[in-house]
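# The following block contains a protein sequence and its predicted model.
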Amino acid sequence: MTITEIEPDASAAPVAVREAMAPAVYQRLPKNILADSVSSGDHKVIGRLWILGSLLFGLFTLVADVLVRIERVDTDSVAVFTSLTTYEQWFSMHRVSLVFLFVVPLLIGIAMVMVPLQIGAPSLAFPRAAAAALWSWVVAGAIMIVSWAMDGGLVDRSGATVSQATQLSMLAMAAVVLSLLIASLVIITTIFTERSKGMSLYNVPLFTWSMLVAASVWLLSLPVLFSNLMVMWIDARGEAAQSFGGEHLYEQINWIFDQPQVFAFAIPVLGILGETVPVAFRRRLKNYDMAMVAIGAFGALSFGAYAQTFFNPNANTTWLYVVGSITLILPILAFLGCCAVTAKAAGRAPVMSAHLALSVMSLVALLTAGALAAVRVLDSLLAPLVGFLNSIVGFFQGSGSGSGDGWEFLSDLEGWLGDTFDEIAATSVSGAMVQLALIAGLLAGVAGLFYWASKIFGRRLPAGLGMVAGLSLLGGAMASALPDAVSGFLEQPDFARDPDYVARDGVEVLNLISLIGSFGVLAGFGLVLLAVPVAVFFGSDDDNEDIDNRNPVGGHTLEWLSESPPPAGNFDGPFIVTSEAPLLDEDFQDPYAEGASA
Amino acid sequence: MSGTTFSPTDLAHAVVSEAPAPFVPRKRTLQIGTAAFTAIWVMYFGGLFGAYVSSRNTWKLEQDGLAAAGERVSSWIPDSAQVELTAPTIMTWTLLMSCITMQWAVYSFKRSDRRHGLLALATQAMFGAAVINQVVFQWKQLGLVIDDTSGSSAATLIYTITASHVAMIIVAMCLLAFAAFRALASSDTKDHVDVVASAATFWYAMVGLYFIIWILIFITK
Amino acid sequence: MFTPGFKLFGGLAALGLFGAFIYGLSSGDATGPDYFGFVDRNAIIGLVSLGWKGDVGAASGFMVLIFMSMSAALLGSTVVAFRDADVESVAELGDTPSVMPLAQRPTAPSWWPATTAVGLGVLLIGLVMETKAFWIIGLVLLSAVAIEWALTSWADRSTGDPTTNLALRDRVGASFEIPVLGLALGAVLALSVSRMLLWATGNAAVIIAGVISVLILAVAVLAVFRPQVGRRTMGAIVGIVAIAVIGLGIVSAVVEPRLGHHADELDDGHSAESTIEGE
């Protein structure tokens, strides 16, 4: 029994994939922007909605950050929030939303728009799945925030049964994570299965490659978070909170906001830098293979689902954790080396632009975060090494009559390392590192918005506004994070506001500077939010006749062949690609060039 | 609908003439997507198994300390719970048998044998339903309570793991239903081997994970 | 021989396996490492046997890394088997390898993804509130989405003409959508009327039943004697009546049922008690 008997025609010549949808399809739906957006299967619309949602949630996140830091200025009392529990709710809300409602969705949104364009595909692999992930994320994110506001959230509930609001927070967060997983799955499948002819994975643009690596790491690590949330929720179904409730709620998911996992959300920093640098120097990126390996290595080292201190309190002192944290910075430096070699080979100054500046700023933030991550584990590496060295010395000192005492200065050094660095694991040094790593991801996302604005929004964004926004974001992030790092050495805790904690001298001043920094971040983000409507409603790309509206930045990859913004189907025909920068290839056939055959 | 005519009204034999040939999507999309989907589930269970083994080890260490101090000890799985091996072992063998029928379905699809393909998928669904039935029976038999006074978190973890596996079976059965629908609605099942092969990948992963559950929870306790 | 995709996932798998061994070795067994500060015999046995024998101290991390290795290996073996799904490799599968298979075509609009989100939201709230109605509605919505989605994706691949595909989808879908929706609507209407009747007192229930019957008759009479009334107008009238009935039913269900009856019973009870007390 068959419904249709039309045989697929495998022998047909490739037809133009850019074909208008039959009117009958659209006649069934009301013609308005809301209905079109909700029901759309166009990856560009879906991507834009991801970006819009992340920017709106981002505003809420950064305001929450400001409120939390206002509270931290005075460590002796609660000023903004009604109680310590409320403070912790807002703190945890800020952290969770910064990752899952802001930075990661922003990067996913940019990827949903740009990855099909970069690989020459007309659409995503599973466009409806991407749309389902989007709307599920929006609904679950809204429920999550509402549940937090209803006195829920993942905070200290010692001795109390887990409330329905808290259970809803767990489930909503799980649903948000599930949505991001589906989006990652769509991106991975699209990159593998929709590439143009001749575009092996060796030739994909670096942003696409970085999104493949990032989505793979998220695919492998976020399900572990999902499992934590499920265990918590099942446990909460009981009458009394057991092992996974009470004061352990936030502790069970804290590994997501700790090194090395937090760096997984900044992998696209390297990808976007890899796009903007060669364009700025008007040449291919040197050592392209090395750059790809560096991104892959950075992604692999940023997998951190194993370092769950709830199950293993010594997780952050194990060799893997320590060595992984210290070597995390090496791929970044290797990538920087590729950019430096490219700059040297170009032999001229780069063409300055907002997107180049923003991507360099994101790298600065990432490097600083990496340095803080290394500092955090320094004692775990150096102290055992010094101790081991001392034990060898002692062994030789006491050979034949038992072991000796070693050298005194080595013992003192080991003790100093332990005293200085031992207690900073759970202090605001951790918070500083997290803030910088995530702001690096944010800066990269903003750089992507400015770089591909003509494709995403149909207009280029004002470069001046972008530069100022970037400086404000980076300056604010540094001003808010570095004082926190210093406070961490003065034993200020990161999350849990210990009621017995007495701030040491200078901590409150540092917290005040940190607050000012957070205002800077909020102001910078506000400028980014302003840039989009200014460009869309007041901008015009027709003023300068010398700029090619298809390729205003002089890009080298396939997305610059489409119109701005790209139509349905993106391109008129398939491409044959021979390198990672096809627009620089002499033998590349541009189907849009004058005189080109249809 | 100009240019398109429908001949007989019998839905089963509707023939659409004058419509252009269908668009043939690239192969491998569904299979790579399913592999990624399977990887999500494997990692999810990895997190659960890690939590289970870690919690169990910690519990045993604590009880060893209590025993050394001469205090009363409790077992990881409370004594009030009844852990029988019959049901889980039967489930393991059922799922192993289902691997054969799953491969039979793929084999039939490749050879355009619609009848046997659908029969294999139906048998598969029956196996899945049987396993779900066994799990529900086992939950009742176990007698585990999340609020157990001994303080052991075994109940929470065992329920989470087994319930998650039931969810995975349900998802696998939905994939089978999807494959069956494609087989029914197409003229040649050979065009939809990727669908049933994707369902097979997910099914095998589900069976493998249950084998680990069987060893971890019921054999080694 | 090894594709770039395999190198990526193979690298992750190798790192996961290697990392698991290092992690397990350095965490020792439950009592900590025994030799040189990082070696433990039990831990080595535990690592080699993948946790079966011996004892891996940090079991959670060990398990996660082992499973990460397994997942990455699964992905790696899939992509290398399919040669990274490169266009040329995929073309070789077809009968005419000289013709490159087209990439994914643009997708027609669909409401099902958004409906998935609604169903998920309702399910989440229902699971927490333990209100059966909520999570059952959520499950029903998600099930309906799954079925309709499968139908739509089949129809999109039936022919090359989107209009024809749409017609085919409607033709196949209508055969079960209309009966199911009709049954569901009928059940909801019947339930709403029953709630109203339960809420009302004896006489009021008769009046309500009468009014509803007259309304249905009036609509039917209108349909018969005014055939020129358009589909949209008729649909609007029926819709308004249905919404009114359902709305009143919901209100009746929420408000205290049988207020009139309760009042009568209370009065009777009071009079009986006062009679007893007065004795």
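Alright, I've got the coordinates. Numbering: from 1, shown residues only, chains lettered A, B, ... in the order given.
# how deep is A:M211 tucked in, by neighbour count?
30 (other C-beta atoms under 10 Å in any protein chain shown). No exception for glycine: its C-beta is placed from N, CA and C like everyone else's.
# now the one 5 residues further on
Residues near A:S216, counting by other C-beta under 10 Å, number 29.
# residues contacting it?
A:S184, A:I188, A:G299, C:L8, C:F9, C:L12, C:A72, C:L75 (C-beta atoms under 8 Å, 6 or more residues apart in numbering or on different chains).
# could you redo the last one with a cut-off of 10 Å?
By C-beta atoms under 10 Å, 6 or more residues apart in numbering or on different chains, the contact set of A:S216 is A:184, A:187-188, A:191, A:264, A:267, A:296, A:299-300, A:303, B:36, B:39, C:5, C:8-9, C:12, C:71-72, C:75.
# ok, now A:I143?
A:L168, A:S169, A:L171, A:A172, A:M173, A:A175, A:V176, C:L120, C:G121, C:L124, C:I125, C:V128.
# and it, what helix or strand is that in?
A:I143 is part of helix A:127-149 when elements are defined by DSSP states H and E.
# helices and strands around whatever helix or strand C:I240 lives in, which ones?
Following DSSP H and E, one finds C:I240 within helix C:231-254. Helices and strands touching helix C:231-254, by 3 or more C-beta pairs under 10 Å, 6 or more residues apart in numbering or on different chains; DSSP states H and E, are helix C:162-199, helix C:202-225.
# Present those helices as a markdown table; the columns should include mean pLDDT and distance to C:L139.
Listed next are the helices and strands packed on helix C:231-254 as a markdown table, based on pLDDT from 0 to 100; distance: least, C-beta to C-beta, whole Å:
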| stretch | mean pLDDT | distance to C:L139 |
| --- | --- | --- |
| helix C:162-199 | 86 | 14 |
| helix C:202-225 | 85 | 31 |
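# which one of the ones you listed is the most hemmed in?
Among these, ranked by average contacts under mean count of other C-beta atoms under 10 Å in any protein chain shown, first place goes to helix C:162-199 (a mean of 16).
# and the angle for that one with helix C:231-254?
40 degrees (axes from the mean of the first three to the mean of the last three C-alpha atoms, to 10 degrees).
# How far off centre is helix C:162-199?
Distance, stretch centre to chain centre, for helix C:162-199: 19 Å (C-alpha atoms, centre = their mean, to the nearest Å).
# That one versus helix C:202-225: what angle between them?
150 degrees.
# For ChimeraX, write a command that selects the buried ones of the contacts of A:I143.
The ChimeraX command for the buried members of those (criterion: 16 or more other C-beta atoms under 10 Å in any protein chain shown) is given here:
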select /A:168,169,171,172,173,175,176 /C:120,121,124,125,128
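# Out of the contacts of A:I143, the closest to A:P565 would be?
Proximity of these to A:P565 (C-beta to C-beta) peaks at A:V176, which lies at 28.5 Å.
# Near the nearest residue to the closest one once chain neighbours are set aside, how many other residues are there?
Excluding its sequence neighbours, the residue lying closest to A:V176 (C-beta to C-beta, 6 or more residues apart in numbering or on different chains) is A:A140, at 4.6 Å. Per other C-beta under 10 Å, the neighbour tally for A:A140 reads 26.
# OK, contacts around A:A140?
A:100-101, A:171-180, C:117, C:120-121, C:124.
# 8 Å instead, please
So A:A140 contacts A:A172, A:M173, A:A175, A:V176, A:L178, A:S179, C:A117, C:L120, C:G121, C:L124 (C-beta under 8 Å, 6+ apart).
# which ones are touching the nearest residue to C:L123 once chain neighbours are set aside?
Counting by C-beta to C-beta, 6+ apart, C:G138 is the residue found nearest to C:L123 once chain neighbours are left out, at 2.9 Å. C:G138 makes contact with C:G119, C:L120, C:G121, C:V122, C:L123, C:L124, C:I125, C:G126, according to C-beta under 8 Å, 6+ apart.
# Can you add pLDDT and secondary structure and give those residues back as TSV?
TSV is the format used below for the contacts of C:G138 (pLDDT from 0 to 100; DSSP: H, G, I helix; E, B strand; the rest coil):
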residue	pLDDT	secondary structure
C:G119	95	helix
C:L120	95	helix
C:G121	95	helix
C:V122	93	helix
C:L123	94	helix
C:L124	93	helix
C:I125	92	helix
C:G126	92	helix
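# and which of the residues you listed is nearest C:I250?
Closest to C:I250, out of all of those and judged by C-beta to C-beta, is C:V122, at 16.0 Å.
# Do you have the strands of chain A handy? List them.
Shown for chain A, no strands are assigned by DSSP state E.
# For it, which helix or strand comes out least confident on mean pLDDT?
Least confident helix or strand of chain A, by mean pLDDT, DSSP states H and E, is helix A:23-27 with a mean of 46.
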